[in-house]
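**Student:** okay, structure incoming, though there's no sequence with it:
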């Protein structure tokens, strides 16, 4: 494990850059990670998905899968790929301060 400074906070991350302690996360951290992931601004639609993932991830201890996000957040797969291009489940997990979703390469 290493540390990384994100939005002025020193947070624990793994070798892939996923935060290892979701309690170190906040909205400013999310916005900075999103920018690093190619999403310049988080819209209310982004936050709907992020908030859902945080809720599920904190309850279950792991990031939700793509299927779980589309069903639970009520966001169609096509829209999810538009909001979080190139691997939405993995990208939203990283932005949400959660670990890498199971089954993601």
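**Tutor:** Arrived safely. None of these values were measured; they are calculated from a predicted model.
**Student:** in the biggest helix by length in the chain, what counts as buried?
**Tutor:** Counting by DSSP state H, the longest helix found in the chain is helix 44-60. By neighbour count with 16 or more other Cβ atoms under 10 Å, helix 44-60 contains the buried residues 46, 49, 50, 52, 53, 54, 56, 57. Backbone N, C-alpha and C define where each C-beta goes, glycine included.
**Student:** the first one reaches residue 33, doesn't it?
**Tutor:** No. Contact between residue 46 and residue 33 fails when scored by Cβ atoms under 8 Å: they sit 11.7 Å apart.
**Student:** anything in contact with each of the two?
**Tutor:** Here residue 46 and residue 33 share the contacting residues residue 95, scored by Cβ atoms under 8 Å, 6 or more residues apart in numbering.
**Student:** pLDDT score for residue 65?
**Tutor:** Per-residue confidence (pLDDT) for residue 65: 91.
**Student:** so the residue nearest to it when sequence neighbours are not counted: helix, strand or coil?
**Tutor:** Among residues not flanking residue 65 along the chain, residue 101 sits closest, at 5.5 Å (Cβ to Cβ, 6 or more residues apart in numbering). Counting by DSSP: H, G, I helix; E, B strand; the rest coil, the backbone at residue 101 sits in coil.
**Student:** could we number from 2 for the rest of this?
**Tutor:** Sure, I'll start numbering at 2, so the last one becomes residue 102.
**Student:** want to throw the buried residues of helix 45-61 into TSV with pLDDT and distance to residue 41?
**Tutor:** Output for the buried residues of helix 45-61, formatted as TSV (pLDDT from 0 to 100; distance: Cβ to Cβ, whole Å):
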residue	pLDDT	distance to residue 41
47	98	11
50	98	16
51	98	15
53	97	22
54	97	20
55	97	21
57	95	26
58	94	24
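**Student:** so, low pLDDT: which residues of this structure?
**Tutor:** Regions of the chain meeting the criterion pLDDT under 70 cover residues 104-106.
**Student:** what is the neighbour count of residue 29?
**Tutor:** As a burial measure, residue 29 scores 12 neighbours (other Cβ atoms under 10 Å).
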